[in-house]
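Chemist: Just the structure for this:
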Amino acid sequence: MVNIVLPVDFGDKTEQLLEGAVKFAKQVNGRIYIIHVAPSDIGFAIGDMGFQYFPEVEENEIREELVQLNKIQQRILAHDIDCEHLLKQGIAKDIILEYSKEKNADFIVMGSHGRSGIYDVFVGSLTKGITKDSSVPVLVLPIHD
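Modeler: All right, here's what the predicted structure looks like:
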């Protein structure tokens, strides 16, 4: 069985990424390990009193993200593909690379939105960072409008 790590961000292109990952998993007899990395600062806000932490905001957001992960997992399982998921908080690139080692990944499947240039300079590209530092092949699916 081929182990595939699939990072998801629940963005508007997640559906296209999911379709591509399922197709790939079927072709290689793969098992999909979905991972979503939430930022560590979900419950923080800046207001008149400076930084404030709202644990209920963080709990609600994490709960909703787990619901979304469960839905994605069920959709993958419906295609007769083994699947499990994980949600962690922290730095996405580091956690995804660590998870791929933990799961003995044969591939990481990610999407590329086709952004480049100034966008990458200021915002950076998670896919680019993973591709640069991964010890396993990264299948980059083009996800465009």
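
Chemist: So which residues of this structure form strands?
Modeler: All strands of the chain, identified by DSSP state E, fall at 2-7, 30-38, 44-47, 50-53, 83-89, 107-112, 138-142.

Chemist: Can you show me the helices along the protein?
Modeler: 14-28, 55-77, 92-102, 118-122, 126-133 (DSSP state H).

Chemist: list the helices and strands the second one packs on?
Modeler: Which is helix 55-77. Other elements packing on helix 55-77 under the criterion 3 or more CB pairs under 8 Å, 6 or more residues apart in numbering; DSSP states H and E are helix 14-28, strand 30-38, strand 83-89. For glycine as for every other residue, the C-beta is placed from the backbone atoms N, C-alpha and C.

Chemist: Kindly recompute the last result at 6 Å.
Modeler: When contacts are defined as 3 or more CB pairs under 6 Å, 6 or more residues apart in numbering; DSSP states H and E, helix 55-77 packs onto strand 30-38, strand 83-89.

Chemist: Just say which of those strands is most tucked in.
Modeler: Stretch with highest mean neighbour count among the helices and strands packed on helix 55-77: strand 30-38 (a mean of 22; mean count of other CB atoms under 10 Å).

Chemist: starting at the chain centroid, how far to that one?
Modeler: On the basis of CA atoms, centre = their mean, to the nearest Å, strand 30-38 sits 6 Å off its chain's mean C-alpha point.
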